[in-house]
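Q: model this:
(chains A, B, C and D)
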Number of protein chains: 4
Amino acid sequence: MDILEFTPEPDEYAWTFGGKPPVRRVKPGTALRLWTEDAYCGTIRSTADLASASLQMPFVNPQTGPFHVEGAEPGDTLVLHFVELTPARSWGVSTTIPFFGGLTSTDRTATLQDPLPERTWVYDVDSANQTVGFHAQSSGLELALPLEPMLGTVGVAPAAGEARSSLVPDMFGGNMDTPEMRAGATCYLKVNVEGALFSVGDGHYRQGEGESCGTAVEGAMNVAMVVELLKTPGPTWPRIENDEYLAVVGSSRPLEDAWRAGQVDMVGWLGELYGLDKLDAYQLLSQISEVPLANVVDANYSVVTKVPKRLLPGTTVYDGIHQHLRSTDLS
Amino acid sequence: MDILEFTPEPDEYAWTFGGKPPVRRVKPGTALRLWTEDAYCGTIRSTADLASASLQMPFVNPQTGPFHVEGAEPGDTLVLHFVELTPARSWGVSTTIPFFGGLTSTDRTATLQDPLPERTWVYDVDSANQTVGFHAQSSGLELALPLEPMLGTVGVAPAAGEARSSLVPDMFGGNMDTPEMRAGATCYLKVNVEGALFSVGDGHYRQGEGESCGTAVEGAMNVAMVVELLKTPGPTWPRIENDEYLAVVGSSRPLEDAWRAGQVDMVGWLGELYGLDKLDAYQLLSQISEVPLANVVDANYSVVTKVPKRLLPGTTVYDGIHQHLRSTDLS
Amino acid sequence: MDILEFTPEPDEYAWTFGGKPPVRRVKPGTALRLWTEDAYCGTIRSTADLASASLQMPFVNPQTGPFHVEGAEPGDTLVLHFVELTPARSWGVSTTIPFFGGLTSTDRTATLQDPLPERTWVYDVDSANQTVGFHAQSSGLELALPLEPMLGTVGVAPAAGEARSSLVPDMFGGNMDTPEMRAGATCYLKVNVEGALFSVGDGHYRQGEGESCGTAVEGAMNVAMVVELLKTPGPTWPRIENDEYLAVVGSSRPLEDAWRAGQVDMVGWLGELYGLDKLDAYQLLSQISEVPLANVVDANYSVVTKVPKRLLPGTTVYDGIHQHLRSTDLS
Amino acid sequence: MDILEFTPEPDEYAWTFGGKPPVRRVKPGTALRLWTEDAYCGTIRSTADLASASLQMPFVNPQTGPFHVEGAEPGDTLVLHFVELTPARSWGVSTTIPFFGGLTSTDRTATLQDPLPERTWVYDVDSANQTVGFHAQSSGLELALPLEPMLGTVGVAPAAGEARSSLVPDMFGGNMDTPEMRAGATCYLKVNVEGALFSVGDGHYRQGEGESCGTAVEGAMNVAMVVELLKTPGPTWPRIENDEYLAVVGSSRPLEDAWRAGQVDMVGWLGELYGLDKLDAYQLLSQISEVPLANVVDANYSVVTKVPKRLLPGTTVYDGIHQHLRSTDLS
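A: Below is the predicted model of the structure:
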């Protein structure tokens, strides 16, 4: 198996999906070992580093990529399988950021109130116990929380000649910020431009559903993944498959529209899989879907619609490519 | 232990929270064995019974209650612990309803499009295997889905002299439609009027998160529960505790506001429990909260914010009354 | 013409629509001379009176009524024509209120930020010049703004046995807070209960569109009005007619749903008036509607959809009752 | 006065703001005589031309530009004054488009319902009477509606390296679709990139507030305008000044967020103009703002917050450049 290793120099980071030439070209079937910088560009390393002083807007959430996938044409299905996500540092970090996050007013949910104070939390990674350590600053509370590495941002170049900030999730993927994007997951994205031009980044060592304060336990990540390409029609919204679930991620505002978009896509998917008309698929979805929030903090909000494979018969999708990729051995 | 048994006659159903005199008075510490009619008033029994012909609006979602809790005063905490929820019929039912549900336009998300067609699905209850059977009508697909009984509607009389339709969830509880309201759960509600005047109803034999089509597998339910009263300040939004989680249910529109309301309440709750200031509690919540949707179909939408006890130390809340009530033996 | 005069005692105020027996019975065709207290119950009279100290929640926005209209049956059209709205005091008042208003977080658009500071502005009424005086507190700016009296709250008892706070607008009318509800306007409301049980209140000496800070120039009001009843089907959402416009007021959240509800109702109205199918009515509305916001601060937001009569031929609606009532002489 | 005339060839159209090199360079102080194609690219010319068959997605809403303004640097204020907007054709056109518009489900407000039928309306321009003719297709209704030419789309290249579809309004302007963008108006935009790179297009012969069906009376337009540049800080959101009003256009979703963004910007503007603190400015805005909707149909919705100059003293803004530009004589 071809393995491409790539660690970007700072001047190679991608700040947008679309609008940037590829850093490398890869053939379908290639494995990649990538390194991704954290969303703060590594500038926040202690509780004394506050976000507004450390960040150089708009240079946040640097992506590793884009990669040109040979043979990828608009309408195809790009397949990204994550084999391993491993923290690349012994610490992660999270902050409040003025007028950013879910429980504060923002530039759009604008109010006249003062911003929340800034604070930075540094989490130490305990690799042996697979935990990250939360240290309260207003009390002595210390908690070891499970390490659950994921990528906040995975996407391709958008359609219609757009270039979108790496902070935004939409049909092209991007900053979806869902814990579902973890090792063992396969992500399906519709190709919008020749070569697909996908990027990944925004490693999270763990994250609650909703990413309430706007940032997860952010950390640089080592990413082992495989790229595949299917010449079948790509999905309208990003889809994720793992061993237990089929999922769709809708992203929009208000939050109910993010939900509606993903749900309607899943109704279509269930309909295709089982030969159901839309009413039957709607009914089935109504009784089996699990719907965890992804984020309520980005320029678009993201909601996951999942259906458990254990409740469904014979759920082989996309020619079983997920099962095939699960056996990838990169050692 | 006092046990009150009560099965309402049709003319005793409650259609609102508030605005109706109590059917019974109970002392704190009383157990109740109740029967609740399904949300369709039992009028839909075969696939030939369509919603618009069968329902007599606004007489839907009948509640069993209200019950006057002796000694309950505004500001107190009403405690409702569900010991057992058992289907009272051998079948449940779900339907589409014109201009009602999450993936159709409604009276508020109003469009000029035609309504979706009406259809009714009847689910047979298999008590031995603890499943309900889904029968597709456009294909031969049949699925046995786990029976997971819950109550869609639990609430007290609202504040400010309001009487609210049993279709609406809000601060007083009501039609929250969350799968968290199952046997083993304890619900905490703020008392708004003397006697609290709580009602329960809307049994679901199972439900997906979001209740996409507007109805779950609806069914009459036998409810075994215990009523308690704490003279401590009641929560702003309904709270639910089970053996694994602490949860808050926010209800509003748009969906992000339902989320925000529940999240802010949980930040306050975590802060009280662990002596955290609001920034530390916000940070902790950001990394540990689980946020399943409840419904995106009612007059207000509902979102659950949960925190797992396993990640938190010594989470005894409300004087440990949940643990105490878990040992209830009604046999 | 029968003229009923009524000034409520404080213990006669209505705090809800629905849930309160009538203060008087009136025959269709009756004129009323009413007095309405301001939304603060007259408790805020100087810049030293701040809202949170002065208000006794939930006793705000007192209504004058309800009035039982003889012969009114569910489904009928109640017609309320406002002949004259005259400030009943020589001053009006506006305040910020913690966590209330459009440019602050609220109990639903909940954030962790501190509330905005409280401040009270007293406006002096200059009857001769028909102005109210704005006095800035952080600079010497003084402005004489046109006196434009209106009623923030007009409604009937809701359907489905509900009783709703006088702070809420919905299908039954209520706290719509639109400047369209001024002298010369005729309001059409669907009757939901026998007798209709309408109330009015919440006088505003003037108000911007949106009522941004949550309160207008609030003031006690003398209201001269006429009540009529039509045995024709009442409108789904409140309608307002004046000499220049036909209007519908939709109320919901998010704001686009308030807009959609009113727009769809107007498409139906235009269709009926001109024999247009829904596509033609939609197209016409798209090119002629004027859409000022009413409020973005109440429990539901309200948006007005207006069509100018000057662009439309022969717009006689509801049997020309508006034109008829315009000639009312109460002197 | 320098006058630049420019009519783009089809292969010169801009489909995005950002991401396209300039078609011309202009000095501040230059007048432009431009021609803009309609949003349908001129493909819809009769009632037999339906949108889905005629449009070649994503090639809709072609813009004329971008123009590089010499000396414009990030942070500056670009000033675009519209001297004359004149229909460039004797007919305009409007259509329904499947799953596009305000009173239908869309790709985001997604439902399972069938789309509305497609229909095209052709409006004839009567230059003598300054009207456009509406012809109903389901009845004989014909109406002459006032010709009120405006530009739906005016904007600059976005910040952060983005390129955004010409269908989207946001901080950079773009597809705001407000009737305020008419002859006699001056638009202020913050410069995000060197040269500003502004484009204009999407001529409307008239439009209702909200642009309900998703399209106005669309038509090719002759645009006479003047470009100026101020080295003062550009506004966060697009501002518009005319002889009677100061206005801000906020664009976001849900609609209340579009409103909040524009309102907060206006609070800041009033504060600067009159030395008011934010509470006084908030209060003043609350009593004087006029808030017509712009559109509820684009990828972001747009709302205008206007304050009438007649209520305010000495409202000279941006060094009186609007008054200066009003005297422009291009004859």
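
Q: can you show me the CA trace of the longest helix anywhere in chain A as CSV?
A: Across chain A, the helix with the greatest residue count (assigned by DSSP state H) is helix A:255-274. Coordinates of each C-alpha in helix A:255-274 appear next as CSV, following Å, rounded to 0.1, in the frame of the first residue of the first chain:
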residue,chain,number,x,y,z
LEU,A,255,-30.4,24.5,14.2
GLU,A,256,-33.6,22.9,13.0
ASP,A,257,-32.6,23.5,9.4
ALA,A,258,-29.3,21.7,10.0
TRP,A,259,-31.4,18.8,11.4
ARG,A,260,-34.0,18.9,8.6
ALA,A,261,-31.3,18.8,5.9
GLY,A,262,-29.6,15.7,7.4
GLN,A,263,-32.9,14.0,8.1
VAL,A,264,-34.2,14.4,4.6
ASP,A,265,-31.0,13.0,3.3
MET,A,266,-31.2,10.0,5.6
VAL,A,267,-34.9,9.4,4.5
GLY,A,268,-33.5,9.2,0.9
TRP,A,269,-30.7,6.9,2.0
LEU,A,270,-33.0,4.5,3.9
GLY,A,271,-35.4,4.6,0.9
GLU,A,272,-32.7,3.5,-1.5
LEU,A,273,-31.3,0.9,0.8
TYR,A,274,-34.6,-0.9,1.5
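
Q: how about the residues of the stretch 151-300 of chain A by chain B?
A: A:206-217, A:253-256, A:259-260, A:263-264, A:267, A:274-277, A:279-280, A:282-293, A:296 (C-beta under 8 Å from any C-beta of the partner chain). Any C-beta I mention is one placed from the backbone N, CA and C, and that applies to glycine too.

Q: next one: the longest helix of chain A to chain centre, how far?
A: Centroid separation between helix A:255-274 and its chain, computed with C-alpha atoms, centre = their mean, to the nearest Å, is 19 Å.

Q: for the record, mean pLDDT for that helix?
A: For helix A:255-274, the mean pLDDT works out to 98.

Q: quick check: next helix or strand after that helix?
A: helix A:278-288 (DSSP states H and E).

Q: what's that following helix packed up against?
A: Contacts defined by 3 or more C-beta pairs under 8 Å, 6 or more residues apart in numbering or on different chains; DSSP states H and E place helix A:278-288 against helix A:255-274, strand A:301-308, strand B:91-95, strand B:131-135, strand B:142-146.

Q: show residues contacting it.
A: With C-beta atoms under 8 Å, 6 or more residues apart in numbering or on different chains as the test, helix A:278-288 has contacts from A:263, A:266-268, A:270-271, A:274, A:276, A:305, A:307-308, A:311-312, B:94, B:96, B:103, B:116-117, B:119, B:121, B:134, B:136-139, B:141, B:143, B:145, B:206-208, B:210-217, D:112.

Q: follow-up on the earlier one: among the helices and strands packed on helix A:278-288, which is nearest residue B:300?
A: Counting by C-beta to C-beta, residue B:300 lies closest to helix A:255-274 out of the helices and strands packed on helix A:278-288; the figure is 11.5 Å.

Q: does chain D have contacts with that closest one?
A: Yes. Helix A:255-274 reaches chain D (C-beta under 8 Å from any C-beta) through A:257-258, A:260-261, A:263-264, A:267.

Q: so which of those residues is the closest to residue C:44?
A: Nearest to residue C:44 among these, with distances taken as C-beta to C-beta, is residue A:257, at 39.9 Å.

Q: ok, that closest one touching residue D:107?
A: No. Contact criterion C-beta atoms under 8 Å: residue A:257 and residue D:107 do not qualify, at 9.4 Å.

Q: those two - which one has more neighbours?
A: Higher neighbour count among residue A:257 and residue D:107: residue A:257, with 27 against 16, using other C-beta atoms under 10 Å in any protein chain shown.

Q: out of the helices and strands packed on helix A:278-288, nearest to residue B:57?
A: strand B:91-95 (13.9 Å).

Q: elements contacting the closest one?
A: Counting by 3+ C-beta pairs under 8 Å, 6+ apart, strand B:91-95 packs on helix A:278-288, strand B:120-126.

Q: roughly how far is it from the heart of the chain?
A: Taking mean C-alpha positions (C-alpha atoms, centre = their mean), strand B:91-95 and its chain are 18 Å apart.

Q: got a list of contacts for it?
A: A:283, A:286-287, B:38, B:40, B:44-45, B:50-51, B:118-125, B:132, B:204-205, B:213, B:215-219.

Q: what does the average pLDDT come to for it?
A: On average, strand B:91-95 scores 98.

Q: quick one, helices of chain A?
A: Going by DSSP H, chain A shows helices at A:51-54, A:255-274, A:278-288, A:321-326.

Q: so for residue D:12, which of the ones you listed sits nearest?
A: Closest approach to residue D:12 among the helices of chain A (C-beta to C-beta): helix A:255-274, 34.2 Å.

Q: which helices and strands does that closest one pack with?
A: If contacts are counted by 3+ C-beta pairs under 8 Å, 6+ apart, helix A:255-274 sits against strand A:245-252, helix A:278-288, strand A:301-308, helix B:255-274.

Q: nearest to residue D:225, out of those?
A: If we rank these by C-beta to C-beta, the stretch that ends up nearest is strand A:245-252, at 34.2 Å.

Q: up against chain B, what does the stretch 1-150 of chain A have?
A: Counting by C-beta under 8 Å from any C-beta, the stretch 1-150 of chain A sits next to chain B at A:94, A:96, A:102-103, A:116-117, A:119, A:121, A:134, A:136-139, A:141, A:143, A:145-146.

Q: spell out which residues of chain A are next to chain C.
A: A:103-105, A:109-116, A:254.

Q: farthest pair in the residues you listed?
A: A:114 and A:254 (25.1 Å).

Q: these two: who's more crowded?
A: A count of neighbours by other C-beta under 10 Å puts residue A:254 above the other of residue A:114 and residue A:254, at 28 against 13.

Q: list the residues that contact residue A:62.
A: By C-beta under 8 Å, 6+ apart, the neighbours of residue A:62 are A:8, A:10, A:13-15, A:36-37, A:39, A:41, A:166, A:201.

Q: burial of the closest residue to it other than its chain neighbours, as a residue count?
A: The spatial neighbour of residue A:62 that comes closest, neighbours along the chain excluded (C-beta to C-beta, 6 or more residues apart in numbering or on different chains), is residue A:13 at 3.5 Å. For residue A:13, the neighbour count with other C-beta under 10 Å is 21.
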